[in-house]
Structure formats: C-alpha cells, structure tokens
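Undergrad: 3D, please:
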Amino acid sequence: MAQMEQWSFPPRFDDGYLPPPQSRYWFPVRETMPPAQREAAILVRLQEVCRYAYERAPFYRRKWDEAGFHPSQLKSLEDFETRVPVVRKTDLRASQAAQPPFGDYLCVAEDEIFHVHGTSGTTGRPTAFAIGRDDWRAIANAHARIMWGMGLRPGDMICVAAVFSLYLGSWGALAGAERLRAKAFPFGAGAPGMSARLAQWLHTMKPAAFYGTPSYAIHLAEVAREEKLDPRDFGLRCLFFSGEPGASVPGVKERIEELYGARVYDSGSMAEMTPWMNVAGTRESSQGMLCWQDIVYTEVCDPATCRRVPYGQRGTPVYTHLERTSQPMIRLLSGDLTLWVNEDNACGRTYPRLPQGIFGRIDDMFTIRGENIYPSEVDAALNQLTGYGGEHRIVITREASMDELLLRVEPSEGLFRDGDAALEGFRRSVAQKLQTVLGVRAQVELVPPGSIPRTDFKARRVIDDREVFRALNAELHRNG
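TA: This next block holds a predicted model:
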C-alpha cells in the first residue's frame, strides 16, 4: 500500500506544509489512489477509531455492547456497515441530558477543549460540540486542503459572509482560510444594513472567494444592484456554500454563477461532522460534491435499514470521523437525502461523488396528493424561469380532505413594471412549470418584489398550515 501522506490516528499535521503552487492536489497519493487501496487503509483507520471510542466513551461502549458489537470483530468494511449501529441526533441529546454538558461520548478531558459550538436548540435541547485543540487543527487542515481543490491558494482573499455564532460553518471556513495562508476576510452577517456594507466592501476588496448560503448570495446580489454595483465587478473567482440545499440545484447554481461571473461549489455535511466540507466540488468539476473518504468516511444508506445502497441509488448519508478525537461521530445518521455515484471525476480524484449534492432533509419532504416533493425541487423549477425575482414561499393547506399547494412568488422588478398582462403570463408559466416538473397542481400568487423577508442564514420557505386544519377539525369533533 502506498504511504498516505500525513495520515495517522490521532492525526499528526505539519502546520507548515503546503503543496507546490502548481500542484492540483494537496495530498496527491491520498486523493488519487485506487479506491480499493484507499478502502483497505480506511478499514485500518476505522479499527483504530472504534477501539479508541470503545475505550474512552461509555456512550459507544454501552451502545455497541447492546448491539453485540466489539471493535475486535471489525474485519471488513462490510462488518462496519452491518455490525455497527447508527447514531441518531436523539441519542446525542439524550447523552448530554444525562451527562451534561457534553455527554458521555466526550473522549478527551474537559481541560483539553479549545472551542465550544453547538446547535441553536430552536426545536429542542441544543447539542453542545466540544472541540479539542488538536481537532481544531484537523478541521483547519481539512478545510484548507479542500479549498485548495477549489483552486484557492495562499495569498488569496476569502470572504466569510456567514453568522459568527455557535454555527460552525463560518468558523470552519475561517480556520481553513487561515491554515491555507490566505487573506481571511471574516465579514460575518446578521446585523441590519450589513448586506449593503458588504457589497461596498466586496467592490473595494475584490476577494477571490466568498462563503455563505446560496439564498444569501442571491439576496446580496439584489442589494448590490440597489447600491448601483454589479456583483460581477467584485472579481470573485468562486463562491462556496453550505447550510442549505441550492448550490447543486440546477437553476440555482447557474443563476448565482451568472450573477457573479464566478464558479459555484456546493459544500456541507452536518455541524456535528465538521469539517462540513468533507464533500465539495473541485475546480475542474464543480457540479455536485466529492466524498473525501479519508477525512470523513461516508456511506449512503437506505433510511429504513441503514444499510449501504449501491452506487447510482438514493439514500441518506451516514458519516464517520476519521480525524476527530474529541467527540468522534461513528455512523452518524444524517437524515438528508442524496444520490451517489462512483465514476471518473474530471479533477482526477478517485472519490465517490454526489452529482446532485444534498436534495434536502428527509424531514423537509412534504406530500401533496400522493406526490413526494422537496423544497429544493421547487427552488430549481423557479430559478429556471425568466422573470423570477429570487424569493418565494410554499404554503401547504388543507381544504376539506384535499391538500392544496399555494406558491407565493416574487417576480423581478422589471417584470413587475411591465404590467398586468406580463405578470399574468409569468403566473401561468410558474403553474405550468410546477405541473410539468413536479407533477402537482399549484395555485400561484404573485407578490411585490422585496415583500418576502430575506435572510443571511438558512432560508425557511415552507409554511405547512395543515396542522392548523387538523387542530381545528379535532376541536370541532370534541365539541360535537
């Protein structure tokens, strides 16, 4: 087996290492080796990771003992995929509730923790992420390595335009930019009026790259034009995104590339799995995401059985850390939906690929009259239409026993000024597009440009009012 550069567990990184500027790869051997050879090395790493977690984390020892699994039984990747039970977010929250604040899957002493991040907790108990100093270095190295694959180099300026809070995406992008020896431009986001100021800063600084969410990039382009600035004049070479689907969605991706005159890269996994860029496009092939299997081992599995599906099929990603030691995630079930393939990549890397990125969370899927629909599919359909103003809301209601779909859509400023006849033609085009692409009939309501609130974080575009109908119906039944 060829030596895999800088690969050990726990990881040991040379923080002064940089590839030659002309090199396509950060680690040429690791990124281009035959998949079977890499999988043999990954098996060795999984054996080490599982032994480490079993010895240090009561959480894993308890869970695996109950499942009848011991790390000594791990002899093949098939053993890993069939014997090791998945971890769900509910498992992590229960562990932290019983052993606050970090749960009994923390594998380092608390005085070794360097950063504390976590989820917002808006839908339940927040989950705390304890990140040791060595893990922070691993995150920075992984992000720098994948930014290199996007064509970014030391000295390039990278604008991080995402909220600096407990959210890990912005901090990971910043750490990666610093490790890359790039010019870090941590603008952040969130305060009123910041978008107009950011547009002015981008026009002045001319950074090479921009990190944020796809919906915010589209909003920022709108604000720039209000400020009489052309986003193409920002001089960006690439924009890379996480936090929401979109950067792999046809129509959305092309629209952002057209707005900025730059390449768009999709990135992301789960906050628990940071580096979130364990899957990302590269400079030569920006469509979809690569699974960087030697950083985070990714399986795409049947959501019902949690068994790996063949290449070419849909499933939910299941992730395992190979370079994290603080709170290592081993077979963490994502709850997202994707499709994976194992075929030649234009960049020469020999990783599997998610050609359509992440479709969205399985929980976000909604069903209208028997048709399963993902919000990203509606985004894609709208972004392929001339005259779309960049924002919409999906409102699901129930009339009698039938589900109904209402789409509130902003037309572009130019179309809005063209008058009623043009707007009616656009409204019919939207309804026909949804019928053709999604197979559902929808009511379409046009609203004035700018009337739907924008966000600089994750866009929430689905309003499901069926629960209101169910509650009212139940109340009527209780009252006779």
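
Undergrad: isn't Tyr319 right up against Ile295?
TA: No. Using Cβ atoms under 8 Å, Tyr319 is not in contact with Ile295, being 10.3 Å away. C-betas here are computed from N, CA, C, even on glycine.

Undergrad: neighbour-wise, which of the two wins?
TA: Taking neighbours as other Cβ atoms under 10 Å, Tyr319 and Ile295 compare with Ile295 leading, 27 against 23.

Undergrad: and stretch 330-345, how far from the chain's centre?
TA: Centroid displacement of stretch 330-345 relative to its chain, using Cα atoms, centre = their mean, to the nearest Å, is 12 Å.

Undergrad: What average pLDDT does it get?
TA: Average pLDDT, stretch 330-345: 93.

Undergrad: Flag every buried residue along it.
TA: Applying a neighbour-count criterion of 16 or more other Cβ atoms under 10 Å, one finds 330-341, 345 buried in stretch 330-345.

Undergrad: Give me the subset of those that lies in strands.
TA: Ile330, Arg331, Leu332, Leu333, Asp336, Leu337, Thr338, Leu339 (DSSP state E).

Undergrad: Please give me every residue in contact with the third one.
TA: I take that to be Leu332. Val86, Val87, Arg88, Met270, Glu272, Met273, Val318, Tyr319, Thr320 (Cβ atoms under 8 Å, 6 or more residues apart in numbering).

Undergrad: Would you confirm that the fourth one contacts Tyr319?
TA: Yes. The pair Met270 / Tyr319 is scored as a contact, 6.6 Å apart, by Cβ under 8 Å.

Undergrad: any residues in contact with both of these two?
TA: The contact sets of Met270 and Tyr319 overlap at Leu332, Ser334 (Cβ under 8 Å, 6+ apart).

Undergrad: tell me the strands in the stretch 201-350 of the chain, going along the chain?
TA: 209-212, 238-241, 263-266, 279-282, 285-291, 296-301, 314-321, 330-333, 336-339 (DSSP state E, counting those that start in this stretch).

Undergrad: Tell me the strands beside the longest one, with direction?
TA: Applying DSSP bridges to the sheet, strand 314-321 is found paired with strand 296-301 (antiparallel), strand 330-333 (antiparallel), strand 336-339 (antiparallel).

Undergrad: Make a markdown table out of those and add distance to Arg232.
TA: Formatted as a markdown table, the strands paired with strand 314-321 follow (distance: least, Cβ to Cβ, whole Å):
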| stretch | distance to Arg232 |
| --- | --- |
| strand 296-301 | 34 |
| strand 330-333 | 40 |
| strand 336-339 | 31 |
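
Undergrad: so which of those strands comes closest to Arg225?
TA: Comparison of these against Arg225 by Cβ to Cβ identifies strand 336-339 as nearest, at 33.1 Å.

Undergrad: longest single helix anywhere in the protein?
TA: helix 35-56 (DSSP state H).

Undergrad: so what secondary structure elements neighbour that helix?
TA: helix 58-67, helix 77-83, strand 296-301, strand 314-321, strand 330-333 (3 or more Cβ pairs under 8 Å, 6 or more residues apart in numbering; DSSP states H and E).

Undergrad: Which of the strands of the stretch 201-350 of the chain comes out lowest on mean pLDDT?
TA: Among those, strand 279-282 carries the lowest mean pLDDT, a mean of 67.

Undergrad: residue ranges with poor pLDDT in the stretch 351-480 of the chain?
TA: Residue ranges of the stretch 351-480 of the chain with pLDDT under 70: 369-370, 398-402, 455-459, 465-480.

Undergrad: In stretch 184-191, which residues are buried?
TA: Ala184, Phe185, Pro186, Phe187, Gly188, Ala189.

Undergrad: How about stretch 293-303?
TA: For stretch 293-303, by 16+ other Cβ under 10 Å, it's Gln293, Asp294, Ile295, Val296, Tyr297, Thr298, Glu299, Val300, Cys301, Pro303.

Undergrad: Kindly indicate which of those lies nearest Thr127.
TA: Closest to Thr127 out of the buried residues of stretch 293-303 is Val296 (17.9 Å), distances taken as Cβ to Cβ.

Undergrad: Not counting its neighbours along the chain, what's nearest Leu43?
TA: Among residues not flanking Leu43 along the chain, Leu77 sits closest, at 5.8 Å (Cβ to Cβ, 6 or more residues apart in numbering).

Undergrad: How about His203?
TA: Nearest one to His203, counting by Cβ to Cβ, 6+ apart, is Leu229 at 5.3 Å.

Undergrad: Equivalent analysis for Asp364, please.
TA: Nearest non-adjacent residue to Asp364, counting by Cβ to Cβ, 6+ apart: Pro375, 5.9 Å away.

Undergrad: Could you do Asp294 as well?
TA: In space, Asp294 is closest to Arg30, 5.3 Å off (Cβ to Cβ, 6+ apart).
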